[in-house]
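Student: please find the sequence and the predicted model below.
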Amino acid sequence: SQQGEEDPQALSIQEGENATMNCSYKTSINNLQWYRQNSGRGLVHLILIRSNEREKHSGRLRVTLDTSKKSSSLLITASRAADTASYFCATDESSASKIIFGSGTRLSIRP
Amino acid sequence: GAVVSQHPSWVICKSGTSVKIECRSLDFQATTMFWYRQFPKQSLMLMATSNEGSKATYEQGVEKDKFLINHASLTLSTLTVTSAHPEDSSFYICSATKPGQPSEQYFGPGTRLTVT
């Protein structure tokens, strides 16, 4: 099953610009996480935001969470070529001990 | 640390044969392990949740007789794809959680399965 939808499905920006990706989900959650995946590789955990938090920062990453709208956003500032990857949100459902991934955003950074 | 390994990293098998994929937590005991499948350019889809010493819980639409999961120890879970067909070709990823920390999953590097 897939909990969330991500928007946009694909994003291409110039190096140095900011990239914003959005995630919407359906049920109550304990927390929401963002992951990065380079093509054909495993997942890299980026950041976890708990349901009682509204914003979190980690380096060039900024994540927001709006539980009333059941949505989250991931902002990558000053993008670099190495940021080219797929980005997934994943929600930890309150009622189940599992996480469900969103549909993902494919980010391409043009040099 | 929390390192999860998978073996093999890639495998090619003939249609009709079975293939086993291992998932190991190297430096911690894993209460629960999860198996995901990912088709090209798609997201990860949860296949099943496995707890040590008990039967796996499969997600809706996943055939338990085709995808056999064994979680015989706190550091090892195996996924066996039985009678593989070309449509089973996919990227299989496992993850594991530590006792008392159900929200933090540690992911393996994945196994690329190609069925010819």
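Tutor: It's in.
Student: which residue, other than its chain neighbours, is closest to the closest residue to chain A within chain B?
Tutor: In chain B, the residue that lies nearest chain A is residue B:109 (4.0 Å; Cβ to the nearest Cβ). Placement of C-beta: from N, CA and C, glycine included. In this structure, residue B:109 finds its nearest non-sequential neighbour in residue A:42, 4.0 Å apart by Cβ to Cβ, 6 or more residues apart in numbering or on different chains.
Student: and residue A:55, by the same measure?
Tutor: Residue A:55's closest residue in space is residue A:64 (Cβ to Cβ, 6+ apart), at 5.0 Å.
Student: how about residue A:93?
Tutor: In space, residue A:93 is closest to residue A:27, 5.5 Å off (Cβ to Cβ, 6+ apart).
Student: please, which helix or strand holds the one you found?
Tutor: Element membership of residue A:27 [criterion: DSSP states H and E] is none; it lies in no helix or strand.
Student: for the lowest-mean-pLDDT helix or strand in chain B, which positions count as buried?
Tutor: Here the helix or strand of chain B ranked lowest by mean pLDDT, DSSP states H and E is strand B:101-107, holding a mean of 83. Neighbour-count burial for strand B:101-107, counted by 16 or more other Cβ atoms under 10 Å in any protein chain shown, picks out B:102, B:104-107.
Student: now stretch B:105-116
Tutor: Buried residues in stretch B:105-116, counted by 16+ other Cβ under 10 Å: B:105-108, B:110-111, B:113, B:115.
Student: same check, this time on stretch A:7-14
Tutor: Buried residues in stretch A:7-14, counting neighbours by 16+ other Cβ under 10 Å, are found at A:7, A:11, A:13.
Student: dump those residues to CSV, plus secondary structure.
Tutor: Formatted as CSV, the buried residues of stretch A:7-14 follow (DSSP: H, G, I helix; E, B strand; the rest coil):
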residue, secondary structure
A:7, strand
A:11, strand
A:13, strand
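Student: please name the bridge partners of residue 24.
Tutor: You didn't pick a chain, so chain A it is. In this entry, residue A:24 is beta-bridged to residue A:5, residue A:71, by DSSP bridges.
Student: meant chain B actually
Tutor: Residue B:24 forms beta bridges with residue B:5, residue B:76, as assigned by DSSP bridges.
Student: again, but for residue A:75
Tutor: Under DSSP bridges, the beta-bridge partners of residue A:75 are residue A:20, residue A:62.
Student: give me every residue that touches it.
Tutor: Taking Cβ atoms under 8 Å, 6 or more residues apart in numbering or on different chains as the criterion, residue A:75 is in contact with A:18-20, A:61-64.
Student: re the thing from before, what separation do you get for the residue nearest to residue A:93 and residue A:50?
Tutor: For residue A:27, the distance to residue A:50 (Cβ to Cβ, to the nearest Å) stands at 16 Å.
Student: for chain B, what's its nearest residue on chain A.
Tutor: Nearest residue of chain A to chain B (Cβ to the nearest Cβ) works out as residue A:42 at 4.0 Å.
Student: my read: that residue touches residue B:110, true?
Tutor: Yes: counting by Cβ atoms under 8 Å, residue A:42 touches residue B:110, with 4.9 Å between them.
Student: how about the strands in chain A?
Tutor: A:5-7, A:10-14, A:19-24, A:29-37, A:43-50, A:55-58, A:61-66, A:71-76, A:85-93, A:99-101, A:105-110 (DSSP state E).
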